[in-house]
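Chemist: Sharing a model that was predicted from the sequence below.
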Amino acid sequence: MDLPREPDQIITFNMKKIHIQAFLITVAAIIIGVLLMLFIHTESGFDLSFLGFFLWVVLYILLIVLHEIFHLIGFMIWGKCRWSDLVYGLNRELGIAYAGTKKVLENRAMKKALLLPFWITGMLPFVIGIWMNSAVLMIVSAFLIGGAAGDFSMYKQLRKVKKDAFIIDDLNEPTLYVYNENPSALQ
């Protein structure tokens, strides 16, 4: 990746560790969801069927796509990115869908854009699934909550960085480049 200058800090992420965290978060969310559904509803929302499995697969794919779209929306809202600044796709090597920006973002904008999909594609359908007694919706959203483990890891590391620092997200590697001053302004 071509960087404007040497970064003040480089944050790298261990994808194997993030995949393990994603699995553990998913399992914990499913257990919590099941317990809440049992507590709130007298009748079970669990039904093993081909239709239920098919619906789960369709919702899972749809919510993954929406998860990445909400990252892009966050970059446009808080990072003031244009459509031409945005990048999205699948990284088969890392086993992840991704959304990023070629633009340098302020740390506070990056943190907001990182968590927006968790709330909209993870927590919101999770609560709706429990409320509607829909095991399919609750479980698929638990997978999206777990799938946000990479976003949580990035957010956690960015909390240690100055709020007005500038971030470049490596579009090929799980790496963030941190600059104390806007590297675009120094060229």
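Modeler: Structure received. Numbers count the residues shown, from 1 in each chain.

Chemist: so what's the residue nearest to the spatial centre of the chain up against?
Modeler: What sits nearest the mean C-alpha location of the chain, by Cα atoms, centre = their mean, is Ala148, with 3.8 Å. By Cβ atoms under 8 Å, 6 or more residues apart in numbering, the residues touching Ala148 are 22, 25, 67, 115, 117-118, 122. C-beta here means a position set from N, CA and C on the backbone, and glycine is covered the same way.

Chemist: ok, which pair from the residues you listed is furthest apart?
Modeler: Ala22 and Leu115 (15.5 Å; Cβ to Cβ).

Chemist: Would you mind telling me which of these two has more residues around it?
Modeler: Ala22 (21 against 18; other Cβ atoms under 10 Å).

Chemist: Excluding chain neighbours, what is closest to the more buried one?
Modeler: Ala149 (3.8 Å; Cβ to Cβ, 6 or more residues apart in numbering).

Chemist: any idea how far Ile69 is from that neighbour?
Modeler: With distances taken as Cβ to Cβ, to the nearest Å, Ala149 is found 19 Å from Ile69.

Chemist: go on, Tyr98?
Modeler: Taking Cβ to Cβ, one finds Tyr98 at 12 Å from Ile69.

Chemist: shared neighbours of those two, anything?
Modeler: Tyr88.

Chemist: And the pLDDT at the residue of the chain positioned farthest from its centre?
Modeler: Here the chain reaches farthest from its C-alpha mean at Thr42, the gap being 33.2 Å by Cα atoms, centre = their mean. The per-residue pLDDT reported for Thr42 equals 79.

Chemist: Let me know the secondary structure of it.
Modeler: coil (DSSP: H, G, I helix; E, B strand; the rest coil).

Chemist: so how far is Asn133 from it?
Modeler: 9 Å.

Chemist: repeat for Lys112
Modeler: 32 Å.

Chemist: again, but for Lys162
Modeler: 45 Å.

Chemist: Of these two, give the one with the bigger neighbour count.
Modeler: It is Asn133, of Lys162 and Asn133, that has more neighbours when counted by other Cβ under 10 Å, with 16 against 13.

Chemist: Poorly predicted segments of this structure, please.
Modeler: Residues of the chain that meet the criterion pLDDT under 70 lie in 45, 94-95, 185-187.

Chemist: What ranges does it have for its strands?
Modeler: 9-12, 86-91, 96-101, 105-106, 166-169, 175-179 (DSSP state E).

Chemist: winner for burial among those strands?
Modeler: Most buried of the strands of the chain, by mean neighbour count (mean count of other Cβ atoms under 10 Å): strand 166-169, with a mean of 24.

Chemist: Give me the helices and strands touching that one, please.
Modeler: Using 3 or more Cβ pairs under 8 Å, 6 or more residues apart in numbering; DSSP states H and E as the contact test, the elements touching strand 166-169 are strand 105-106, helix 107-117, strand 175-179.
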